[in-house]
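J.: Could you look at this predicted model? Sequence included:
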Amino acid sequence: MPTSCAAWPWPAFIAHRGGGHLAPENTLAAMRTGAAHGFHMVEYDVKLSQDGVPFLLHDDTIQRTSDGAGQAAELSWKALSQFDFGGWHGSAFAGEAAPSLFAVARCTQALGVHSNIEIKPSTGHETATGLAVAQAAARLWQGAALPPLLSSFSEAALDAARDAAPDLPRALLIEGPVPADWRARQAGLGCIGINIDVQYADLALVRDVLARGATLAVWTVNEPARAHELLRWGCHAVFTDALREVHAVTASTQP
Ligand code: G3P
Ligand code: MG
């Protein structure tokens, strides 16, 4: 079973949102949880505060994952820093902050885990977010053994990221069924490959993507048997929330 290759130098197992289901998503505690469960790569979502600080958050708003409320794009970094982004998950994580990309770069590099930075712009902020996140990533991972993989559902963000940091590898995230023109979109953006929804990962598609020389990573794969199958088909990586199950079972099948 391939764990890495020339086109995909990163690990085959990626902890989704840092710590999957075991920690509050997109926090430093999540990154530590992913690493503690044996993952050598983490995925997390990055957008901009009102004053342009790249930080980790999935939604446009903060209410689902914090004790605050409001649109992230309308809150300053100072205001965002005062909310608790851990308590919703459990009292053990109460007081956990939303980290800046700067803090996550330091944390993940100290832990020795690689990064997939998903550029997740607040609606209407696609170009500015792609630009700022790629610029920051190039600076924060300068000299790292492996660069972070940038990815986004937003083609405008990926285009801006290419302009800002052309040497950083990028992947096109695809929501829903993979469109017939995926190859033209991916190549047109200068992306190395596509990251797709597990629901749409069938063998014919996997073979087609790999035959065209693109990288292929699949989210979010929470069933060990499915992860095993996708990697056997040749998919380069799987993102998972089920850190104990998927990693433990799949790792036991490796030589
Ligand atoms: O990057 C893979 C995956 O995280 C994309 O979906 O909504 O969990 O960010 P989402
Ligand atoms: Mg994501």
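T.: Sure thing, it's come through. Ligands and ions are numbered 1, 2, ... in the order given.
J.: Just grab the bridge partners of L216 for me.
T.: In this structure, L216 bridges to I194 when assessed by DSSP bridges.
J.: So Q142 versus A110, what's the distance?
T.: 16 Å (C-beta to C-beta, to the nearest Å). Just so you know, the C-beta spots here come from the backbone N, C-alpha and C atoms, and that holds for glycine as well.
J.: Same question for D159.
T.: Taken as C-beta to C-beta, the span from D159 to A110 is 32 Å.
J.: again with A225
T.: As judged by C-beta to C-beta, A225 and A110 stand 34 Å apart.
J.: Tell me which residues of whichever strand or helix holds V104 come out buried.
T.: Element membership for V104, per DSSP states H and E: helix 101-111. Using 16 or more other C-beta atoms under 10 Å as the test for burial, helix 101-111 gives L101, A103, V104, A105, C107, T108, L111.
J.: What lies in contact with that helix?
T.: Helix 101-111 is contacted by residues 28, 31-32, 35, 42, 44, 46, 54-56, 99, 114-115, 117, 133, 136-137, 140-141, 144 when judged by C-beta atoms under 8 Å, 6 or more residues apart in numbering.
J.: Those also near ligand 1: which ones?
T.: The subset of the contacts of helix 101-111 lying close to ligand 1, counting by C-beta under 6 Å from any ligand atom, is empty.
J.: and these, which of them are in helices?
T.: Among these, DSSP state H puts L28, M31, R32, A35, V133, A136, A137, L140 in helices.
J.: ok, so what distance separates the nearest residue to the third one once chain neighbours are set aside from ligand 1?
T.: Think R32. Closest residue in space to R32, ignoring its immediate chain neighbours: L111 at 6.8 Å, by C-beta to C-beta, 6 or more residues apart in numbering. Here L111 is placed at a distance of 19 Å from ligand 1 (C-beta to the nearest ligand atom, to the nearest Å).
J.: next one: A15
T.: 11 Å.
J.: Quick check: pLDDT value at that residue.
T.: You'll see A15 listed with a pLDDT of 98.
J.: tally of neighbours for it?
T.: Counted with other C-beta atoms under 10 Å, residues neighbouring A15 total 32.
J.: dump the residue contacts of it.
T.: Contact analysis of A15 by C-beta under 8 Å, 6+ apart lists A30, T33, G34, H37, F39, M41, V42, E43, F239, T240, L243.
J.: With S81 instead?
T.: Counting by C-beta under 8 Å, 6+ apart, S81 touches A97, A98.
J.: Spatially central residue for this structure, please.
T.: By C-alpha atoms, centre = their mean, the chain has its centre lying nearest to E43, at 3.0 Å.
J.: what's the nearest residue to that residue if we skip its chain neighbours?
T.: Distances taken as C-beta to C-beta, 6+ apart place N116 nearest to E43, at 4.2 Å, with adjacent residues excluded.
J.: Could I get the CA-only coordinates of the helix holding V104 as CSV?
T.: Provided in CSV are the C-alpha atoms of helix 101-111 (Å, rounded to 0.1, in the frame of the first residue of the first chain):
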residue,chain,number,x,y,z
LEU,A,101,-2.1,30.6,11.3
PHE,A,102,1.2,31.8,12.9
ALA,A,103,0.5,29.9,16.1
VAL,A,104,-0.5,26.7,14.2
ALA,A,105,2.6,26.9,12.1
ARG,A,106,4.7,27.0,15.2
CYS,A,107,2.7,24.2,16.9
THR,A,108,2.6,21.8,14.0
GLN,A,109,6.3,22.2,13.2
ALA,A,110,7.2,21.6,16.8
LEU,A,111,5.1,18.5,16.8
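J.: before we move on, back to that, any of the contacts of helix 101-111 buried? List them.
T.: For these, buried by 16+ other C-beta under 10 Å: 28, 31-32, 35, 42, 44, 46, 54-56, 99, 114-115, 117, 133, 136-137, 140-141.
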